[in-house]
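Asker: 3D model of this:
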Amino acid sequence: MGEQVIERRTGVRGGQRGPRLAVVLAAVLVAALLAVQAAHGTRLKDIASFSGSRTNQLVGYGLVVGLSGTGDKRGSEFTVQSIYNMLDRMGVRVDRDTLKPKNVAAVMVTAQMPVTAKPGTRMDVTISSLGDSTSLLGGVLLVTPLKGIDGNIYAIAQGSLLVGGVSAEGAGASVSKNITTVGMIPGGANVERSIPFEFNQQDGLAITLKNADFSTAQQVAQKINDAMGGAFAAAVDGGTVNLAVPDQHKGNLVPLLANLENLEIRPDNRARVVVDEKTGTVVVGLNVKLAPAAVTHGNLQIEIRESAEVSQPLPFAAGQTVVVPETDIAVQEENRKLKLVEGASLQELVQGLNALGATPRDLISVLRTLQVSGSLHAELEVI
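Answerer: Purely as a prediction, here's the structure:
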C-alpha cells in the first residue's frame, strides 16, 4: 500500500518532478557516502607514506628498431649517430652518410624503481620518442642501461613495445587514435643493482601526509600514541609526523608498520574548490561554505557572418567583375535575474549554484567572482 502511494506521488504531475526527484536522490546518495566515510575513516597508509618506502627514478637513452617506415627522418642526426656507434661496437663497418633511420627511432626509457627492488627484480618501463618518429607500433627496444641520478646503472631494459594507439596515413589524409609515440614494456627491465638502503636499520620513521593539514597530523600522532601505549609519535608540522621506534621493534620494523598503517584516520582538509579550465571540470570539497550572495550570470554572444557577393557587368559592357563582401552582425545577450545563493553545506551549495542554470564553464566564472567578493569561504585552485 505504501509503495502504491509513492508511485502516485512521483508519477505524472508535469515534466519537472522527475528531474527534481533525481536531484534529491543524488543528494541523499552523496550524504550517505559522506556519512559512511566519516563513520569509518580512512586507513593511515592511504593518506600518508612512510620514510624508506619511496621509489627512485631511472632514465636511459636507447633505440627502437623494427618500425615499418615510421621511424626518425633523415634530419635526426643523433639517431644516425647512434646507429653508427651501435654497429661500430658490433664490428660492422658502414658508411655513415648512407644510413637511413626510417625503421629506427631514438627514445628515452624511464622507470620507477622501488627501494625494495633487488637484483633480478622485473620492472615496467615507459618508452617515449625523442626524434620525429610518427609511431613506435611494432618496435623492439634494444638493450638500454637505466641510470639513477647518481650516474650508476641500476637496471637493463629490452623487449617488444606495447603501444596503446594506432595511426594510418595516406597521400591526402591521415587518422590516429591515442598516442603512438609512447609505449611501454611490462616487466621490460631487469634490476642489476639494489639501492644501498637498509629499511630495518632506521631508529626513527617520518610519516608524510599526502595533503598537509595540522589537524590531521595531530590526529595521526594521537592515534599512534594510543595504539602503542606511549608518547612515541609527535607532529613536527602540518605534513610530517616523527615516530621513535621502540626498542622491541628495532631491527624489525615490518610488524610495527603493518599495525600502524591500518589505523583509521578521519582527514580534515582545507576547504578547496578545484577548477580545470581545459575540460571545464569543477570539484567542490566537503568543507566549502558560501556566504549569502546575490548572483546573476548572463552570456553575451556576438555572431558575425560574412559572405561574398559577385557583381558582374552585362555582356559587352565596359565594367569589370568585382567581389563585394557582405557582413551581418547579430548580438544576443541573455537576460537573467538575480539569484540568492547561500550554502551552509555541500548539498545546499550545489543546489544554490545549480539554481543559476550555468554550464560548468560558466560556473568557473561564478566561483571566481564569488571568491573575489569574499562570499566563497574556500581556496580556489585553477589547474
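
Asker: average pLDDT for stretch 256-269?
Answerer: For stretch 256-269, mean pLDDT rounds to 89.

Asker: and that stretch, how far apart are its ends?
Answerer: 27 Å (C-alpha to C-alpha, to the nearest Å).

Asker: Which positions in it come out as buried?
Answerer: 256-257, 260-261, 263, 265, 267 (16 or more other C-beta atoms under 10 Å). The C-beta positions use only the backbone N, C-alpha and C, and glycine is treated the same way.

Asker: Likewise for stretch 57-75?
Answerer: Residues 58, 60, 62-67, 70-72 are the ones in stretch 57-75 that count as buried (16+ other C-beta under 10 Å).

Asker: Tell me the one of the residues you listed nearest residue 166?
Answerer: Closest approach between the buried residues of stretch 57-75 and residue 166, by C-beta to C-beta: residue 70, at 11.2 Å.

Asker: Could I get the phi/psi values of the closest one?
Answerer: When read as degrees, to the nearest 10, the backbone of residue 70 gives phi -110, psi 20.

Asker: Could you check how far it is from residue 380?
Answerer: Relative to residue 380, residue 70 is positioned 44 Å away (criterion: C-beta to C-beta, to the nearest Å).

Asker: follow-up on the earlier one: tell me which of the buried residues of stretch 256-269 fall in helices.
Answerer: 256-257, 260 (DSSP state H).

Asker: Take those residues and lay them out in JSON lines including distance to residue 311.
Answerer: Putting those into JSON lines (distance: C-beta to C-beta, whole Å) gives the following:
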{"residue": "256", "distance to residue 311": "90"}
{"residue": "257", "distance to residue 311": "85"}
{"residue": "260", "distance to residue 311": "85"}
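
Asker: Return the set of buried residues in stretch 41-51.
Answerer: Within stretch 41-51, judged by 16+ other C-beta under 10 Å, the buried ones are 41, 44-45, 47-48, 50.

Asker: just those: which has the poorest pLDDT?
Answerer: Least confident of those in the model: residue 41, at 78.

Asker: what residues are up against that one?
Answerer: Contacts for residue 41 were tallied using C-beta atoms under 8 Å, 6 or more residues apart in numbering; they are 264-266.

Asker: wait, which of those is closest to residue 176?
Answerer: Looking across the contacts of residue 41 and measuring by C-beta to C-beta, the closest to residue 176 is residue 265, at 45.2 Å.

Asker: where does residue 106 fall, helix, sheet strand or coil?
Answerer: strand (DSSP: H, G, I helix; E, B strand; the rest coil).
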